[in-house]
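Enquirer: Quick one, what's the 3D model for this:
(chains A and B)
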2 protein chains.
Amino acid sequence: MKPSFDLNLYLVTDVPARCTLPLAETVEAAIAGGVSIVQYRSEQPYGGAAYREALPIVEICRKNGVPFIVNDRIDLALALDADGVHIGQRDFPPAIARRILGPDKIIGFSCSNLEEVRATDESLVDYLGLGPAFPTQTKTDAAPAMGLDGLAVCAAATSLPVVAIGGINAANASAVRASGPHIGLAVVSAICAASDPRRAAESLR
Amino acid sequence: MKPSFDLNLYLVTDVPARCTLPLAETVEAAIAGGVSIVQYRSEQPYGGAAYREALPIVEICRKNGVPFIVNDRIDLALALDADGVHIGQRDFPPAIARRILGPDKIIGFSCSNLEEVRATDESLVDYLGLGPAFPTQTKTDAAPAMGLDGLAVCAAATSLPVVAIGGINAANASAVRASGPHIGLAVVSAICAASDPRRAAESLR
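Expert: Coordinates of the predicted model:
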């Protein structure tokens, strides 16, 4: 059965070099601060290193009953028995991802504009990641920022749960939440690079 | 059931920029010249592009009854319903790859020295890739070349079928074959960058 998930506050892990704490401690603190779902996003060039890096994060998520999602690499998700994957427009098509993963895994899909939202087959994916909401330094290959209006338009165009990502922090969090009903916040540096990741999560929550 | 495979002449695809012909034509010509197994090795950063690039190669291999192997990315292998994967020491551990792929897929495993050969659980993988045999420009992260003596020692230390890779060409092919009983040749540029990939395969065969 597909695990239930809550997009309210969605942590996407940054590379260790950009995290204040070690990766596992960052995730543990973020969950203590109210993060409701965790995505492991790695720049590890080799699957073995990514697998070893992610294992303690999986354990922490399991222990806390927080869904664990893997960015992009479906094989890593299978290796870790993750709760799902998050794929972008340039990754495997959602139909392929669903065929590989089966019906019981969560599939998130990134859309950066209204056309991509409208082109999404909602029977294949479980939620949409909308962004970048604002300009972001974390993701070097990101599309142009859609802004609050873009978020509102995209969120209104799908019946799927949505989470906004890209440049979200404590200062703009409430404006983002106000841009659509039940729109979740996905953050990377706002938690990973915070001096106190737990407090950062609490203030975003 | 696991497909049978013949390592006699093993083509590993290079990036299109380093191929004389388009990738699919290179594979078709190489098979016509006697290539017995094909590995798709991509530097595509995105799964979607790799998937689209590999599809015509899969079709050509199927049409010719030649096993199709995917380098590294097990999810791409699953997406393409490849006959197997080839993993390196830095990819997922063989036990994980086998768990994900099940018993009916071919798993090749790269070893670059005797210690790695001896440490390999032969119940988990189907063949070993030994190399680099000679210095190679194709793979930037390759280990030091093992040479003909290293090949002979490593091939003698395993009961698995082996294929040598790295700097193999028409000039050294017979010496490599002579370094062990039933040792196959894996080539990249010797076929992909040849002015006539079919003739290049014939001369290696």
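
Enquirer: Every contact and neighbour count from this point should use C-alpha atoms.
Expert: Will do.

Enquirer: so A:Pro132 makes contact with A:Gly167?
Expert: Yes - here A:Pro132 reaches A:Gly167: they are 7.2 Å apart, a contact under Cα atoms under 8 Å.

Enquirer: For these two, work out which one has more neighbours and name it.
Expert: Taking neighbours as other Cα atoms under 10 Å in any protein chain shown, A:Pro132 and A:Gly167 compare with A:Pro132 leading, 25 against 22.

Enquirer: That one: what secondary structure?
Expert: coil (DSSP: H, G, I helix; E, B strand; the rest coil).

Enquirer: now it: how far from A:Thr26?
Expert: With distances taken as Cα to Cα, to the nearest Å, A:Pro132 is found 23 Å from A:Thr26.

Enquirer: Likewise for A:Pro3?
Expert: Counting by Cα to Cα, the gap from A:Pro3 to A:Thr26 is 23 Å.

Enquirer: what does the model give A:Gln137 for pLDDT?
Expert: At A:Gln137, the model reports a pLDDT of 77.

Enquirer: I misspoke; the intended subject was A:Leu11.
Expert: Among the per-residue scores, A:Leu11 holds a pLDDT of 98.

Enquirer: Could you double-check that it sits in contact with A:Gln39?
Expert: Yes - if you go by Cα under 8 Å, A:Leu11 and A:Gln39 touch, sitting 6.1 Å apart.

Enquirer: Would you map the helices across chain A?
Expert: Here chain A has its helices, by DSSP state H, at A:23-32, A:47-64, A:74-79, A:94-101, A:114-119, A:147-156, A:173-178, A:189-192, A:197-204.

Enquirer: Compare the ones you listed and give me the one nearest B:Thr140.
Expert: helix A:47-64 (17.4 Å; Cα to Cα).

Enquirer: tell me the mean pLDDT for that closest one?
Expert: Helix A:47-64 comes out with an average pLDDT of 97.

Enquirer: packing partners for that helix?
Expert: helix A:23-32, strand A:68-71, helix A:74-79 (3 or more Cα pairs under 8 Å, 6 or more residues apart in numbering or on different chains; DSSP states H and E).

Enquirer: per-residue confidence averaged over the first one?
Expert: Right, the one you point to is helix A:23-32. Rounded mean pLDDT across helix A:23-32 is 98.

Enquirer: tilt between that helix and helix A:47-64?
Expert: Angle, helix A:23-32 to helix A:47-64, by axes from the mean of the first three to the mean of the last three Cα atoms, to 10 degrees: 30 degrees.

Enquirer: buried sites along helix A:23-32?
Expert: Neighbour counts over helix A:23-32 (16 or more other Cα atoms under 10 Å in any protein chain shown) mark A:23-32 as buried.

Enquirer: can I have it written out in PDB, keeping just the CAs?
Expert: Taking C-alpha atoms only, helix A:23-32 is exported to PDB below (Å, rounded to 0.1, in the frame of the first residue of the first chain):
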ATOM      1  CA  LEU A  23      23.600  15.200   6.700                       C
ATOM      2  CA  ALA A  24      22.100  12.700   9.200                       C
ATOM      3  CA  GLU A  25      22.100  15.200  12.000                       C
ATOM      4  CA  THR A  26      20.500  17.800   9.700                       C
ATOM      5  CA  VAL A  27      17.700  15.500   8.900                       C
ATOM      6  CA  GLU A  28      17.200  14.500  12.500                       C
ATOM      7  CA  ALA A  29      17.000  18.100  13.700                       C
ATOM      8  CA  ALA A  30      14.700  19.000  10.800                       C
ATOM      9  CA  ILE A  31      12.300  16.300  11.700                       C
ATOM     10  CA  ALA A  32      12.400  17.300  15.300                       C
END
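
Enquirer: any idea how far A:Leu80 is from the residue of chain A most remote from its centre?
Expert: No residue in chain A sits farther from the centre than A:Gly48, which is 21.9 Å out by Cα atoms, centre = their mean. Relative to A:Leu80, A:Gly48 is positioned 11 Å away (Cα to Cα).
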